[in-house]
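**Q** got a sequence here, can you model it:
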Amino acid sequence: MIEKIISLVPCIIPGVRQGRTEPLTVIEQDDELLSQLTDEQRSSFTAMNVLLTRRVWERYEKYLMPALASADWEFLNNTLEGAFSFDPDDLPAPCTLPMLIIAAKQDTEVGYKDQFDLMKIYPNSTYIAVDKAGHNLPIEQPEIFEGIVSSWLSTH
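**A** Below you'll find the predicted structure:
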């Protein structure tokens, strides 16, 4: 039985970069680090991260690079195309489960503004938009992310 929902940088408008997305805005950049990366590493790392620092790179390399390497890109890009086969938010009635909606203010992939509307269909939700973070919020702002989730779970 589902008792709570945590939605991390959720896609609201189906499709790739639909809705009110943000332009890529780098907030902090370590040029020395970037010069040490291969072209492929640099291209991948700079594609959507807004904090281009050694700390973020270390988490990106450890957690995201293996996931990206094993992803089914044919399915993701040509079958799914950023959309679902149904609208998961098309509910017959509002969902009253507690829900935490975490958005990132510099998210180039799904933005942060459209997620606010989820509170209409999830009336017991908490919405937070984290500044200085893009779509990879947990690796860019791990302490903030973990604090938000821990605090919310302890009160819901």
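
**Q** what about residue 38, neighbour count?
**A** 8 (other Cβ atoms under 10 Å). C-beta: built from backbone N, CA, C; applies to glycine.

**Q** per-residue confidence averaged over stretch 9-26?
**A** Across stretch 9-26, the average pLDDT comes to 82.

**Q** same check on stretch 72-87?
**A** 74.

**Q** with stretch 91-109 instead?
**A** 94.

**Q** now residue 96: closest residue in space that isn't a chain neighbour?
**A** residue 124 (5.5 Å; Cβ to Cβ, 6 or more residues apart in numbering).

**Q** can you name the residues that contact that neighbour?
**A** By Cβ atoms under 8 Å, 6 or more residues apart in numbering, the contact list for residue 124 reads 96-99.

**Q** tell me the confidence at it?
**A** 96.

**Q** and it, how far is that from residue 7?
**A** Residue 124 sits 13 Å away from residue 7, going by Cβ to Cβ, to the nearest Å.

**Q** identify the contacts common to those two.
**A** Joint contacts of residue 124 and residue 7 (Cβ under 8 Å, 6+ apart) are residue 99.

**Q** the helices in this protein, which residues?
**A** 31-36, 39-46, 54-59, 65-70, 73-74, 118-121, 137-140, 142-155 (DSSP state H).

**Q** can you list the residues that contact the third one?
**A** Contacts made with helix 54-59 from outside it, assessed by Cβ under 8 Å, 6+ apart, are listed as 30, 33, 37, 45, 49, 136, 139-140, 142.

**Q** for it, buried residues please.
**A** For helix 54-59, burial by neighbour count (16 or more other Cβ atoms under 10 Å) applies to 56-57, 59.

**Q** turn those into a markdown table, columns for distance to residue 109.
**A** A markdown table is the format used below for those (distance: Cβ to Cβ, whole Å):
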| residue | distance to residue 109 |
| --- | --- |
| 56 | 16 |
| 57 | 19 |
| 59 | 18 |
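
**Q** got those as JSON lines, with distance to residue 73 and pLDDT columns?
**A** Putting the buried residues of helix 54-59 into JSON lines (distance: Cβ to Cβ, whole Å; pLDDT from 0 to 100) gives the following:
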{"residue": "56", "distance to residue 73": "23", "pLDDT": "98"}
{"residue": "57", "distance to residue 73": "22", "pLDDT": "98"}
{"residue": "59", "distance to residue 73": "22", "pLDDT": "97"}
